[in-house]
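sharing a model prediction with you, sequence too.
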Amino acid sequence: MGVSLPRKELFDLPEGVIYLDGNSLGVLPKSVPERLAQVTRDEWGKELIRGWNTAKWMDQPARVGDKLGRLIGAPQGSVMIGDTLTIKVFQGLAASLQMRPDRKVILSDTGNFPTDLYMAEGLIDTIGKGHALQLAKPEAVLDAIDDSVAVVMLTQVDYRTGRMHDMAAITRRAHKVGAVMLWDLAHSAGALEVDIAGSNCEFAVGCTYKYLNGGPGAPAFIYVRPDLIGTIKPTLAGWLGHDAPFAFETGYRPAPSIGRMRVGTPPVLQTSALEAALDVWEGVDMADLRAASVALCEVFIKQVGARCPSLTLASPRDAAQRGSQVSFAFPDGYAVMAALIERGVIGDFRAPDIMRFGFTPLYIDRNDVIAAVDILADIMDRKTWKDPKYHVKQAVT
Ligand SMILES: *Cc1c(COP(=O)(O)O)cnc(C)c1O
């Protein structure tokens, strides 16, 4: 039996805010400031350089990787924390291409997050062997997987629409034609049940500042299927991925473990925040979390559908094909979102016309959802969003 949800008492939620943006930046868990103060004051302040040993900073990325692994169905010793997701995409992609030297196609979809695609372009140019990035429409990607494909690189949940790929089915198809599978779990980890080991994919990557509440700039993670770990020749051959970093050899020899996916010095403060933030998952059954997420999304879709007829649902109506976010399209969505934020309902906006609302059952309940819809309906009914002040564009949307 899992714990009951939500667990709002574990989070520092500001008064008067209904936070529907945990898909973009998760809320601060209450344990984090104290832990950060302790690491700063007692570990960095008093231990200084000794902290790498005495406070176990050097082991932290693997330790936190294991802690996170439970939430995505990854076995111990298969997940490493570090760098940014953008870097982890590059690492996973480079390792995938090495595994299929006679194939030249990276297959992705048009719904993928731009940085994933940009990194593929950059890697292709760096390798300089005539690889190509092919993009299919999300609904056509399964059929586009053929035996020319070296690696299928997809983000499971679309950042704009919340549309969710069938991880098991796509991975099966990739393997059937001999392609490698790389999943980006940016909008999956901490949002839904993920069975990485069961999917049998070779690689998975994701970030920790969205549903995992690691804080702005929190480090990313990479998963490598255990049977492959010893075979990968890291493209980003950093000293901390070396088998013996403190031997300071002139030649690179990768660590025999998932440690080879490390690059350079880990961000200890940020990883400490993440380590503490992951405590909020203790005892949480991911099936219960998913059920609660689906229930919240259903209430939101039904209520907005009934009360805000000018908004168009941009997410799949079928919960089984949706992650933990709901998007509505509206030509002046930017202004509507600005008006919502002013009234304490925080979601976000993605060009050209998508208003995104993330649902995080650890700290959002049904009453929050209904209160948010009340405010949205009021803004739509009274056309408050027409005020020019809501149309001024900020740098980050
Ligand atoms: C959020 C997100 C990113 C962000 O990458 P960073 O390196 O953390 O900036 C990348 N890919 C996907 C699919 C995302 O959703």
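Nice, thanks for sending it over. Residues are numbered from 1 along each chain as shown.

how many other residues sit next to the residue nearest to residue 278 when sequence neighbours are not counted?
Closest residue in space to residue 278, ignoring its immediate chain neighbours: residue 67 at 5.0 Å, by Cβ to Cβ, 6 or more residues apart in numbering. (Glycine included, C-beta is placed from N, CA and C.) Residue 67 is flanked by 18 other residues according to other Cβ atoms under 10 Å.

wait, a helix at residue 67?
Yes: applying DSSP: H, G, I helix; E, B strand; the rest coil, one finds residue 67 inside a helix.

surely it touches residue 271?
No: under the criterion of Cβ atoms under 8 Å, residue 67 makes no contact with residue 271, lying 10.8 Å away.

can you list contacts of stretch 59-69?
With Cβ atoms under 8 Å, 6 or more residues apart in numbering as the contact definition, stretch 59-69 has outside contacts at 56, 74-82, 189, 208, 212, 219, 221, 223, 257-259, 262, 266, 268, 271-272, 274-275, 278.

when you check the ligand, which of those residues turn up near it?
Among the contacts of stretch 59-69, not one lies near the ligand by Cβ under 6 Å from any ligand atom.

quick one, phi psi at residue 135?
phi -120, psi 130 (degrees, to the nearest 10).

contacting residues for it?
So residue 135 contacts 107-110, 112, 117 (Cβ under 8 Å, 6+ apart).

now residue 245
Residue 245 touches residue 239, counting by Cβ under 8 Å, 6+ apart.

I'd like to know how far it sits from residue 81.
For residue 245, the distance to residue 81 equals 17 Å [Cβ to Cβ, to the nearest Å].

again with residue 345
In this view, residue 345 and residue 81 are 32 Å apart by Cβ to Cβ.

of the two, who's got more company?
Set residue 345 next to residue 81 and count neighbours by other Cβ under 10 Å: residue 81 wins out with 29 against 23.

pretty sure that one contacts residue 223?
No: if you go by Cβ under 8 Å, residue 81 and residue 223 don't touch, sitting 10.9 Å apart.

for the closest residue to the ligand within the stretch 201-350 of the chain, phi and psi?
The ligand sits closest to residue 207 of the stretch 201-350 of the chain, with a gap of 4.5 Å, by Cβ to the nearest ligand atom. As for residue 207, its main-chain torsions (degrees, to the nearest 10) stand at phi -110, psi 170.

enumerate every residue touching the closest residue to it other than its chain neighbours.
Nearest residue to residue 207 in three dimensions, chain neighbours excluded: residue 85, at 4.2 Å (Cβ to Cβ, 6+ apart). By Cβ under 8 Å, 6+ apart, residue 85 lies in contact with 115, 184, 186, 205-207, 220.

try it again at 10 Å.
By Cβ atoms under 10 Å, 6 or more residues apart in numbering, residue 85 lies in contact with 113, 115-116, 119, 184-186, 205-210, 218-222.

distance check, the residue nearest to residue 278 against the ligand.
19 Å (Cβ to the nearest ligand atom, to the nearest Å).

so what's that residue scoring on pLDDT?
pLDDT for residue 67: 98.

next: residue 397.
78.

can you tell me the SS state at the closest residue to it other than its chain neighbours?
Distances taken as Cβ to Cβ, 6+ apart put residue 349 closest to residue 397, at 4.7 Å, once the chain neighbours are dropped. Classification of residue 349 using three-state DSSP returns strand.

from what I can see residue 349 touches residue 355, true?
Yes: in this structure residue 349 lies within contact range of residue 355 using Cβ atoms under 10 Å: 5.9 Å.

ok, back up a step: only the buried subset of the contacts of stretch 59-69, as a ChimeraX command please.
In ChimeraX, this line selects whichever of these come out buried by 16 or more other Cβ atoms under 10 Å:
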select :74,77,78,79,80,81,82,189,208,212,219,221,223,257,258,259,262,266,268,271,272,274,275,278
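
out of the contacts of stretch 59-69, list just those in helices.
Counting by DSSP state H, the part of these found in helices is 268, 271-272, 274-275.

what's the burial count for residue 147?
Residue 147, neighbours per other Cβ under 10 Å, totals 10.

again with residue 88
28.

per-residue pLDDT, it?
At residue 88, pLDDT is 98.

need the overlap of contacts for residue 349 and residue 355.
327, 330, 333-334, 336-337, 340.

let me have these in CSV, extended by pLDDT.
What follows is these, written out as CSV (pLDDT from 0 to 100):
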residue, pLDDT
327, 98
330, 98
333, 97
334, 97
336, 98
337, 97
340, 98
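
so how far is residue 194 from residue 112?
Taking Cβ to Cβ, one finds residue 112 at 18 Å from residue 194.

give me the more crowded residue out of those two.
Taking other Cβ under 10 Å, residue 112 and residue 194 do not tie; residue 194 has more neighbours (24 against 20).
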